[in-house]
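Undergrad: here is a sequence together with a model predicted from it:
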Amino acid sequence: MDRRTIVNFVLILLLTAVAIYAVVWQQHPAWLTNLLFWQPASSRNLDFQLGLDLQGGLQVLLVADLPEGRAVDSQSMATARRIVESRVNALGLTEPVVQVQGTERIVVEIPGIADPAQAVDTIRETAMLEFVTPPAGVTAETLYTIRQLQMPISTTYLMSEAEIQSVSAMTDVMLFQTELTGGDLDSAYVVRDPNTSQPLVAIEFKSEGASKFASYTASHVGESLCIVLDKRILSCPTIQTAIPSGKATIEGSFTYEEASQLAVQLQYGALPIPLKIESYKAIGPSLGAQSVEKSVRAGIVGLVVVFLFMLIYYRLNGLAADLALALYVLLNLFLYKLVPVTMTLPGIAGFLLSVGMAVDANILVFERMKEELRHGRSLKRAAEAGFSRAWTSVRDSNLATLLTCAILYLFGNAFAASLVKGFAITLAIGTVINLFTAIVVTRTFIRLAFSAAGEQIQKHAWLLGL
């Protein structure tokens, strides 16, 4: 038995142990869930995420909040829908259903939400960020009063030169000059002040915005630059020195949740139109518990049939394939928790379809192995030839499946068909794992069996289905 086979076998055992621990055990220590850094901090766990059709959730109806007589163009609504979906996804609420309804409404359906108020606030806030210069003569005390009282201010964002001059001529209007906006941002994320541990929102400008920011700070040292969100002042720090890096932080006495919410809003852009909530309500699962139970039962029956077929028809090779298939199922469930993947009924269908396709590769290998044995090849040479010569067919068939999954995913993403995306994701994950289990795992098990009892197997050809 060669060293590579032993190493592969040990790694397979370790991977199996990790997957069993993550899938079977429901309670996991905080240090383990904290390793899931790609998930939002508020929702890191190794639980299965269920979709709307399996567990229900929250439905929010948003409507454009524009002055009477002003029409909403379809492009603005499409952009608002995309931003709302991105914000909800960033909260860890995967596979939301976000659709434009009519000409002025957006329907948002969110599965299994723990904090409806936070989600609602994140969805509807416009989040227009501006960096503005206070009018001449305005003191720090005045800015502090405006900020403390949360008084809305007037800024020059999207104002024409004539409008600026007209407003400036009005002595009772305090007009703040907009220097940069949230559109100049490249990213936003939460950090903590190293001295006070207070949550801050760190921002980074795009190259053009960074250049404007560096030029402005260099020429206005000692002056105030106010950070304004939705026409309300968050802070007015004094520029101490030029900032050429294009990086800054926003302070606002935030809680961590508020800072995270603001970072999400800034990261995915301001809504092109203001939205107000017309209604929101809890909704039940669109599929009854009985339908879900029957679907799971059908999947279990299908798995058992596949296991029995491989074992009866291919005997020893079938046993190796069954062990690899069991690991295949386990790894799929492990990744569904790890990513996480929101489980919907179409997603479950994609998983079961991938299970049926998983044994295709083994069937190609085993049939090729039989041909080699019938031509008088030794057991080990026949096994290696079976895997190597079947590889091109296995590779091409799985590549075709992955391309189909990509098309389905793009279609679902373009038309807000999240259920189609769920089917594509689970099928694609299953296809990739199949390449590992059907080729690497099955081959390792067969090599171990042939090394341990090759002579006995050679004498009893029926063990290989011959």
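TA: Structure's in. What do you need? Residues are numbered from 1 along each chain as shown.
Undergrad: hey, let's count contacts and neighbours off CA atoms from now on
TA: Will do.
Undergrad: how about low-confidence regions in the stretch 201-350 of the chain?
TA: Within the stretch 201-350 of the chain, the ranges that satisfy pLDDT under 70 run 269-270, 286-291.
Undergrad: go again using 90 as the cut-off
TA: Scanning the stretch 201-350 of the chain for pLDDT under 90 picks out the ranges 201, 203, 222, 224, 227-242, 246-303, 305-306, 310, 313-318, 336-350.
Undergrad: need the strands for it, in chain order.
TA: For the stretch 201-350 of the chain, strands defined by DSSP state E, counting those that start in this stretch occupy the ranges 226-229, 232-235, 247-250, 275-283, 342-343.
Undergrad: got those as CSV, with distance to residue 9 columns?
TA: Shown next, in CSV, are the strands of the stretch 201-350 of the chain (distance: least, C-alpha to C-alpha, whole Å):
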stretch, distance to residue 9
strand 226-229, 57
strand 232-235, 58
strand 247-250, 49
strand 275-283, 48
strand 342-343, 31
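Undergrad: check which residues of stretch 367-375 are buried.
TA: Using 16 or more other C-alpha atoms under 10 Å as the test for burial, stretch 367-375 gives 368-370, 372-373.
Undergrad: okay, now the domains of the protein?
TA: 3-37+287-464, 57-124, 129-265 (automatic domain parsing).
Undergrad: hmm, back to that, out of the strands of the stretch 201-350 of the chain, flag the one nearest residue 10.
TA: Nearest to residue 10 among these is strand 342-343; the distance by C-alpha to C-alpha comes to 31.2 Å.
Undergrad: on contacts alone, who are the packing partners of the closest one?
TA: strand 49-50 (3 or more C-alpha pairs under 8 Å, 6 or more residues apart in numbering; DSSP states H and E).
Undergrad: next secondary structure element downstream of the strand it packs on?
TA: Using DSSP states H and E, the next helix or strand after strand 49-50 towards the C-terminus is helix 52-55.
Undergrad: select, out of the domains of the chain, the one closest to residue 272.
TA: domain 57-124 (6.0 Å).
Undergrad: dump the residue contacts of residue 306.
TA: residue 356 (C-alpha atoms under 8 Å, 6 or more residues apart in numbering).
Undergrad: need the helices for the chain, in chain order.
TA: For the chain, the helices defined by DSSP state H cover 3-24, 30-33, 52-55, 74-90, 116-124, 140-148, 161-168, 207-219, 256-267, 289-338, 345-374, 379-414, 418-435, 442-459.
Undergrad: what helices and strands are in contact with the third one?
TA: For helix 52-55, the contact count by 3+ C-alpha pairs under 8 Å, 6+ apart identifies strand 105-111 as packing neighbours.
Undergrad: chain center to the strand it packs on: distance?
TA: Computed by C-alpha atoms, centre = their mean, to the nearest Å, the chain-centroid distance of strand 105-111 equals 18 Å.
Undergrad: what are the buried residues along that strand?
TA: 105-111.
Undergrad: and of these, the nearest to residue 96?
TA: Checking the buried residues of strand 105-111 against residue 96 by C-alpha to C-alpha gives residue 110 as the nearest, at 4.8 Å.
Undergrad: please look at that closest one and residue 58 and confirm they touch.
TA: Yes - Residue 110 lies in contact with residue 58 (C-alpha atoms under 8 Å); the separation is 5.1 Å.
Undergrad: so residue 242 touches residue 221, yeah?
TA: Yes - the pair residue 242 and residue 221 qualifies as a contact (C-alpha under 8 Å) at a distance of 6.9 Å.
Undergrad: what about residue 45, neighbour count?
TA: 23 (other C-alpha atoms under 10 Å).
Undergrad: from here on, call the first residue 9.
TA: Okay, residue one is now 9; in that scheme the one you just asked about reads as residue 53.
Undergrad: look up how far residue 201 lies from it.
TA: Noted for residue 53: a distance of 26 Å to residue 201, by C-alpha to C-alpha, to the nearest Å.
Undergrad: do the same with residue 392
TA: Counting by C-alpha to C-alpha, the gap from residue 392 to residue 201 is 59 Å.
Undergrad: higher neighbour count, those two?
TA: Neighbour count, other C-alpha under 10 Å: between residue 392 and residue 201, residue 392 has more, with 17 against 13.
Undergrad: make a markdown table from the buried residues of strand 113-119 and add distance to residue 245 and pLDDT to it.
TA: Listed next are the buried residues of strand 113-119 as a markdown table, based on distance: C-alpha to C-alpha, whole Å; pLDDT from 0 to 100:
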| residue | distance to residue 245 | pLDDT |
| --- | --- | --- |
| 113 | 39 | 89 |
| 114 | 38 | 90 |
| 115 | 39 | 88 |
| 116 | 38 | 86 |
| 117 | 40 | 82 |
| 118 | 38 | 80 |
| 119 | 41 | 78 |
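Undergrad: just the residues you listed now: which is nearest residue 430?
TA: residue 119 (13.4 Å).
Undergrad: could you check what's spatially nearest to the closest one, not counting adjacent residues?
TA: Excluding the flanking residues, the one nearest residue 119 by C-alpha to C-alpha, 6 or more residues apart in numbering is residue 65, at 4.2 Å.
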